[in-house]
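[1] Need a 3D model of the sequence below.
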Amino acid sequence: MYNFKEYVSRDDRLAPGHRMCAGCGGTIAVRNVLKALHEGDRAVVGNATGCLEVSTFMYPYTAYKDSYIHNAFENAGATLAGVEGAYNALKRKGKIDDTFKFITFGGDGGTYDIGFQSLSGAMERNHDMVYVCYDNGAYMNTGIQRSSATPMFADTTTTPIGKESNGKLQYRKDLAAIIAEHQIPYVAQTTFVQNFRDLHCKSERAIYTKGAAFLNIMAPCPRGWRYPTYDIMDIVKLAVETRYWPLFEVVDGKWILNYEPRKYVPIEEWLVKQGRFKHMFKPGNEWMIEAFQKEVDRRWDELLKRCDGHRFSY
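    The predicted structure is shown next:
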């Protein structure tokens, strides 16, 4: 049974003193995922190049209390799959008795795009590992360039707003659904809502599910999204309430909706809090908000069909 006080009182596996920005969602995601590890269990943590890596690791120092491997942008999935395979071989030979879990983190640039090949391979082979994407919706570490996770119409350095451009023109990729099609044991989408309950429970389930697991966590970026640092919790809450970022999981192929908002909250309530969308509120640009809302509604309806009435709240 979930006990919030017990969960948050567990030792932090991510030490303070790292250099992540104030108001960064990535740090919140990592800290809480690692708290799902049970006392006595050890982990090997992988980390694709990105904001998280450059801010929590500077050789020979690391903020991680567990074993840590810095990977290139493109190979976090392959690296941890290889380590997990080596661990199993050593276990069979009786050279290791300890229980290790294998968890790798990557931003959306290193997960949705550059690292998708190695991620897909690790998931398809069903390695006993967890891949965690801290999704901040752009290549934040290298200058806020658009990624395939960037929402439509967002203003980035490679999709700048101007007379000839309305920001990114494409819809964001639905990576959780793509990974679910790999037929792995566990896929979930979550963020920092409901007193962290949803994130905590899904992290623990992902780590202790036998086989491959994938967590997609919305992790806002104050610089890229352009919001005051203290607004982060309001932003993730509105993302869920507007149905832009639904909470769901896929367990052995079965889609389950974890939360359904009680009332319809229009998407502009989420958009208006972020500077990257401010152009959408200029006179004459109402069509952008309408198009954005239409896509959110379409994806929500598609999710309901996939879940087919299956509901479970943590």
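[2] Show me where the chain has its helices.
    Assigned by DSSP state H, the chain shows helices spanning 4-8, 25-34, 51-56, 76-92, 108, 116-124, 175-180, 197-207, 222-225, 232-241, 268-271, 286-307.
[3] For the last one, list every residue counted as buried.
    Buried residues in helix 286-307, counted by 16 or more other C-beta atoms under 10 Å: 288-289, 292-293, 295-296, 299-300, 303, 306-307. To be clear about C-beta, it is placed using only N, CA and C from the backbone, and glycine gets the same treatment.
[4] quick one on the thing from earlier: as TSV, the helices of the chain with distance to Arg146 would be great.
    What follows is the helices of the chain, written out as TSV (distance: least, C-beta to C-beta, whole Å):
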stretch	distance to Arg146
helix 4-8	35
helix 25-34	18
helix 51-56	16
helix 76-92	21
helix 108	10
helix 116-124	16
helix 175-180	15
helix 197-207	26
helix 222-225	10
helix 232-241	19
helix 268-271	17
helix 286-307	16
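[5] Out of those helices, which gets nearest to Leu169?
    helix 286-307 (10.4 Å; C-beta to C-beta).
[6] residue contacts, the closest residue to Glu124 other than its chain neighbours?
    Distances taken as C-beta to C-beta, 6 or more residues apart in numbering place His182 nearest to Glu124, at 5.3 Å, with adjacent residues excluded. His182 makes contact with 120, 123-124, 212 under the criterion C-beta atoms under 8 Å, 6 or more residues apart in numbering.
[7] Nearest to Ala154 among the residues you listed?
    For the contacts of His182, the nearest to Ala154 is Ser120 (25.2 Å; C-beta to C-beta).
[8] what does the model give that closest one for pLDDT?
    With respect to pLDDT, Ser120 has a value of 98.
[9] for it, what are its contacts?
    By C-beta under 8 Å, 6+ apart, the residues touching Ser120 are 77, 179, 182.
[10] Give the buried residues for stretch 248-256.
    For stretch 248-256, a neighbour-count test (16+ other C-beta under 10 Å) marks 248-250, 255-256 as buried.
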